[in-house]
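*Asks:* mind looking at a prediction? Sequence and model below.
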Amino acid sequence: MSLFTEELKRLQPQAGSRRWFFVPYDQLSDDMGPLSREKPGDLGIILVESPWKAGLRPYHKQKLALIIANLRHFALEQARRGVAVRHVISQGPYHKALGPLVAEAGPIQAMVPGERELRLDLDKLAASGGLTYLPHEGWLTQISQFEKGCGEIPPWRMDAFYRQVRRDADILMDHGKPVGGKFSMDPANRLSWRGKPPAPDPPTFPIDPIKKEVGDLIQREFARHPGRLNLEALPSTRADAEQLWSWAKRECLPSFGPYEDAMSLQSRALFHTRISSLLNLHRLLPAKVIADVMGLDIPLSSKEGFIRQVLGWREFVRHVHLATDGFRRLPAGPCPVQTLPGEGGYRRWSGKIWNLPGGYIDADGGAVPSYLSAETSLPPAYWGGPSGLACLDHVVASVWEEGYSHHITRLMILSNLATLLDVRPRELTDWFWVAYTDAYDWVVEPNVLGMGTFALGDLMMTKPYVSGAAYINRMSDYCSACAFDPKIDCPVIPLYWAFLARHKEKLQGNPRLRMPMASLVKRSASQKRRDQEIFRTVKDILIGGDPVTPRSVNH
């Protein structure tokens, strides 16, 4: 018997007559749903720990530890309150784990899961009457607000949705007008960071016996999974979540806004709060963090920038994912779907097949849109092999060490370079899904398929988010550690122009690309040929697992 099961048994109240409630792994809060308003002695909760689900993809060790440690601590926290707890370890889908409990205790309830993949799994139990759904109380907005702000059919735009929900919630509004005169302070939030103000060191958290036991479990049972496991960097208790949030409010948010888009070798997160993983588990509630930020004495650019991320973008992508059934239903018709869960290039990097867990595979691999018909394999450099590009190598290293990097490095380094190389959007999406501790289908698919790669065209974005070396050099110090010069021989420069030229037919009518497309016309025929030659050379070298060098690119 493990320390966790012994402690849970010790704390377990008498079951008695209870109403049973299933709590998914991403709803670990007693500040929402029935747990927030009913007597603990009237409720029992069911928590499922599923090695089967963990084996569907090569998830980062830190991600698995984060989920399991938080789930186990949540179980103990609820038992201390007097809530009866059934903790189940399942080697199969969730509906099969819950089925015997329904047969024993009768129908159970659950708030609608955030993940589409889990909803489809549980729908089998719901169809038989064994499970009834309650609304998910962690979300801040309703479908009606999305439809009112954006319309019922795409294209959908986050800024329209954000204005709608700001007005509805009366957040940062003054007599119907946005505080500061603008809904978005984003133009003021584009400073590069050159060492001042000092960036905070991330907090560490106690390694209690429960967390240590989870760490041992990960190293023993999930040894084939990639990534570094760092228990000191892993918040697992309610107290840890509050500690992280207190640190973020004190150390990060005062300077968050102006340096939101900055990147640096000296600090991986700069002034980003690092709370996204806990928000997506609901260890921190979105409503609470917004209310707290509204009460802080910080610059408006920081306050609005943070609220736009949580109330605006986070809610927007969830609605888009829901409205399209995970992008399976698109305006042009049904989208192809990958048959099995994707491994994001794991085999190409490791030389090993990612063997799916035995038994019933109850999950597909997601929608496969590709507006720009990208077909390049994801380079092994995304798994930690050297690319020769300091920006990419630095960010990838941080991902495999921490399961984290902030949203600009995700967009303007990882997604940008993959898009310039015509990497398959689905494969990049699967890589993000396995590599990041905060990635679930409802958030990772819109962010990568919709924004990062423009695989959905203008469904939710107005343009592809691509750039050359100038942007990376302006917003970071990455180029100072690179063998390439961002103004002379960096291959990202020709990769950018080659991308625009290859996709000219689909991009030339885009009003937000008018200036770069006009500049493309001015490039000589020899420059355009050279751009495409460098694209082919860089792509072949990186796909082969080798780093690019000035000599290999500029021979």
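*Replies:* That came through, no problem. Residues are numbered from 1 along each chain as shown.
*Asks:* where exactly do the strands run in the stretch 51-200 of the chain?
*Replies:* Counting by DSSP state E, counting those that start in this stretch, the stretch 51-200 of the chain has strands at residues 84-89, 108-111, 131-134, 173-174, 177-178.
*Asks:* closest to residue 464 out of the ones you listed?
*Replies:* strand 177-178 (28.5 Å; CB to CB). C-betas here are computed from N, CA, C, even on glycine.
*Asks:* among the strands of the stretch 51-200 of the chain, which is the most enclosed?
*Replies:* Greatest average neighbour count among the strands of the stretch 51-200 of the chain goes to strand 108-111 (a mean of 21), per mean count of other CB atoms under 10 Å.
*Asks:* check which helices and strands it sits against.
*Replies:* Judged by 3 or more CB pairs under 8 Å, 6 or more residues apart in numbering; DSSP states H and E, strand 108-111 is in contact with strand 19-22, helix 94-105, strand 131-134.
*Asks:* ok so, going back, do you know which of the strands of the stretch 51-200 of the chain lies nearest residue 59?
*Replies:* Closest to residue 59 of the strands of the stretch 51-200 of the chain is strand 84-89 (CB to CB; 17.0 Å).
*Asks:* coming back round to it: of the helices and strands packed on strand 108-111, which is nearest residue 233?
*Replies:* Proximity to residue 233 (CB to CB) singles out helix 94-105 among the helices and strands packed on strand 108-111, at 28.4 Å.
*Asks:* state the mean pLDDT of the closest one.
*Replies:* In this model, helix 94-105 carries a mean pLDDT of 94.
*Asks:* hey, C-alpha coordinates of that helix in CSV?
*Replies:* Extracted C-alpha coordinates of helix 94-105, given in CSV (Å, rounded to 0.1, in the frame of the first residue of the first chain):
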residue,chain,number,x,y,z
TYR,A,94,-12.7,6.5,-18.1
HIS,A,95,-16.2,5.2,-18.8
LYS,A,96,-15.0,1.7,-18.1
ALA,A,97,-13.4,2.8,-14.8
LEU,A,98,-16.6,4.5,-13.8
GLY,A,99,-19.0,1.7,-14.9
PRO,A,100,-18.6,-0.6,-11.9
LEU,A,101,-19.1,2.3,-9.5
VAL,A,102,-22.3,3.2,-11.3
ALA,A,103,-23.4,-0.4,-10.9
GLU,A,104,-22.6,-0.3,-7.2
ALA,A,105,-23.7,3.2,-6.2
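*Asks:* just the buried residues of that helix, please?
*Replies:* Judged by neighbour count (16 or more other CB atoms under 10 Å), helix 94-105 contains these buried residues: 94-99, 101-102.
*Asks:* centre of the chain versus stretch 545-555, how much separation?
*Replies:* For stretch 545-555, the separation from the chain centroid amounts to 32 Å (computed by CA atoms, centre = their mean, to the nearest Å).
*Asks:* ends of that stretch, what's the gap?
*Replies:* 19 Å (CA to CA, to the nearest Å).
*Asks:* got it, and stretch 542-549?
*Replies:* By CA to CA, the extent of stretch 542-549 from end to end equals 11 Å.
*Asks:* what's next to it, contact-wise?
*Replies:* Residues from elsewhere that reach stretch 542-549, judged by CB atoms under 8 Å, 6 or more residues apart in numbering: 349, 376-377, 379-381, 385-389, 421, 483, 491, 537-538, 541.
*Asks:* what about 10 Å?
*Replies:* Residues from elsewhere that reach stretch 542-549 (CB atoms under 10 Å, 6 or more residues apart in numbering): 348-349, 376-383, 385-389, 392-393, 417, 421, 423, 483-484, 491, 534, 537-541, 552, 554-555.
*Asks:* kind regards, and thank you for your time.
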